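Trainee: Below: sequence and its predicted model.
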Amino acid sequence: MLASPGPLPPPSTERLWGAETKYDGQRTIAYLPGDGSVLLRSRSGADITAAYPELGALGMSVDGPAVVDGEIVVL
């Protein structure tokens, strides 16, 4: 998801929300079909798997298929 400005939730629901620090990096969706492979796609849909070989082990970290949305950052 791409962040967008909007109103804050009411104080009565504050316990239901979390926040994360904004890091600049590569927004990525990781497709993990459950067979140990990984497909990384940028926000535009481009295949960026080859640019991040260190994330190849991600496919072995889940049981079954999964789709993970996140930001690849270097700290």
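Mentor: That came in fine, so what should we check first? All of these numbers come straight from a predicted model, not from anything done at the bench. Numbering: from 1, shown residues only.

Trainee: okay, CA-based contacts and neighbour counts for the rest of this
Mentor: Noted.

Trainee: quick one, strands of the protein?
Mentor: Assigned strands in the chain, in chain order: 26-32, 39-42, 66-72 (criterion: DSSP state E).

Trainee: Would you mind listing where this protein has pLDDT under the threshold?
Mentor: Within the chain, the stretches with pLDDT under 70 are 1-2.

Trainee: still on that earlier bit, of all the strands of the chain, which one is nearest residue 58?
Mentor: Nearest to residue 58 among the strands of the chain is strand 26-32; the distance by CA to CA comes to 7.9 Å.

Trainee: Show residues contacting the closest one.
Mentor: With CA atoms under 8 Å, 6 or more residues apart in numbering as the test, strand 26-32 has contacts from 38-43, 58-59, 62, 65-73.

Trainee: Give me the PyMOL select line for those residues, limited to the buried ones.
Mentor: A single PyMOL command selects the buried members of those (16 or more other CA atoms under 10 Å):
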select buried, resi 38+39+40+41+59
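
Trainee: In this protein, which residue sits furthest out from the middle?
Mentor: residue 12 (28.7 Å; CA atoms, centre = their mean).

Trainee: before we move on, the earlier item: in CSV: the strands of the chain, plus distance to residue 52.
Mentor: Converted to CSV, these look like this (distance: least, CA to CA, whole Å):
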stretch, distance to residue 52
strand 26-32, 11
strand 39-42, 8
strand 66-72, 9
